[in-house]
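Asker: Show me the folded form of this:
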Amino acid sequence: MLFPAGTQQKRLLTPQGRAGITGFRFFVAEGRGVLRVLNERNRKILETIIEIHTESAEPVGSQAISRRSQIGLSPASIRNVMAELEELGYISSPHTSAGRIPTEKAFRFYVETLLQAGEGPSQGPDSEEEGSRLRGLSLEEALRRVSRTLSDSSRYTGLVVAPRFASAIFRRIEFVSLAPDRILVVLVSESGIVQQKIIPSAGGVSQAELEQAANYLNRTLSGLSVIEAQARILREMAEEKALYDAMVRRALSLSREALKDDRDDQVFIEGTSHILDQPEFADIERMRRLLHAFEQKSLLAALLERSRQAEGVQIVFGSETEHSEVQGCSFITANYSTRGGARGTVGIVGPVRMPYTQVIPLVGQTARLISRLLESK
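Answerer: Numbering: from 1, shown residues only. Coordinates of the predicted model:
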């Protein structure tokens, strides 16, 4: 974060000039109640260090900053500013270089500034063209394609988490007899989420009886959220009709088993090779841990759970989580919603050193695109 641990001051942010990262003055807490202004000169040099390091992945020296920056300072003056920034914890010095690299504290400062200033223009694909490609696809196909598009557009890893079925609006249920003791259940939501699962059967239930049970449930539960449907089933089972009507009793018993929320989040991830191309992950052991994390889709879903109820674009660094496998990574995510209010998440995973001015608007606009498509279903 912006302030050292134990500091009680809040960040003060005031508009100065044009919007964007150059549009604010920041006050940085130094401890013991002292606030120090990160002035325009210091902020501009920090921004330049971040931009050069993002492009090169190399330490940045005063000469490179002097050539890039329009601030008009000599390399000696720039070195003095860099010493101040290092003292504040925004840059550090690798042992093998005279240059400096931005710390995660610098990147957190940078991305929060961008989020305060708004997303800006997208560098991604045309949203209208992409929307036309997604129309007519099943939800699963559409989300998989979105994940691939995010990866292709950013050259990092694209990530999409489907809405939870439990929060969706129930459309219909189908039962298919697989064996005397097993039944395939197909659940379909209003937004097109399809969930399939196999449930046990007491045996002796014909396909015709299963279809009769499905017809009854579709009349009874259609238009309810899955959570509301679960409550409705419990009420129906307690009523006298269910005690004496074998078909109703069978239908309610099957639906109670079918609507149990025992499935993991559905996660679509594309382009893992892109992030492994980054120099930050050249170490074989680090690469192995990251690949293992990507294989554990439940871990990725858990990482994104904290942003599921948030608004706008969220940025989480791996070091801010409890999972060591994703340290050195940055997760840029935004939520989308279905017509019934169920929420899913889209995002990009890359190194902390990313071109956030391009990635933030790409993620935000993609989330809005999916919401529009799902709300029109």
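
Asker: Give me the neighbour count for residue 316.
Answerer: Residues contacting residue 316 under the criterion other CB atoms under 10 Å number 18. Placement of C-beta: from N, CA and C, glycine included.

Asker: distance of it from residue 253?
Answerer: As for residue 316, its distance to residue 253 is 42 Å (criterion: CB to CB, to the nearest Å).

Asker: Repeat that for residue 336.
Answerer: 35 Å.

Asker: what about these two, which has more around it?
Answerer: Neighbours per residue, other CB under 10 Å: of residue 336 and residue 253, the larger number sits with residue 336, 24 against 17.

Asker: Wait, a strand at that one?
Answerer: Yes - counting by DSSP: H, G, I helix; E, B strand; the rest coil, residue 336 is located in a strand.

Asker: so it makes contact with residue 367?
Answerer: Yes - contact criterion CB atoms under 8 Å: residue 336 and residue 367 qualify, at 4.4 Å.

Asker: okay, and the common contacts of those two?
Answerer: Counting by CB atoms under 8 Å, 6 or more residues apart in numbering, the residues touching both residue 336 and residue 367 are residue 346.

Asker: For the residue sitting nearest the centre point of the chain, give me its contacts.
Answerer: Taking CA atoms, centre = their mean, the centroid of the chain lies closest to residue 333, which sits 3.2 Å from it. Contact analysis of residue 333 by CB under 8 Å, 6+ apart lists 159, 304, 307, 313, 314, 315, 316, 345, 346, 347, 348, 363.

Asker: Can you tell me which of these is nearest residue 40?
Answerer: Distances from residue 40 to those, taken as CB to CB, are shortest for residue 315 (24.0 Å).

Asker: Contact partners for that closest one?
Answerer: Residues near residue 315 by CB under 8 Å, 6+ apart: 111, 115, 330, 331, 332, 333, 356, 360.

Asker: can you pull the pLDDT of the fifth one?
Answerer: So the one you mean is residue 332. pLDDT for residue 332: 94.

Asker: Checking it next. Helix, strand or coil?
Answerer: Assigned by three-state DSSP, the conformation of residue 332 is strand.

Asker: How about the last one?
Answerer: For residue 360, the secondary structure call by three-state DSSP comes out as helix.

Asker: wait, isn't it in contact with residue 115?
Answerer: Yes - when contacts are counted by CB under 8 Å, residue 360 is listed as touching residue 115 (7.1 Å).

Asker: intersection of neighbour lists for these two?
Answerer: With contacts taken as CB under 8 Å, 6+ apart, the residues that reach both residue 360 and residue 115 are 313, 315.

Asker: Compare these two and say which one has the larger neighbour count.
Answerer: Regarding residue 360 and residue 115, a neighbour count based on other CB under 10 Å identifies residue 360 as having more, with 24 against 16.
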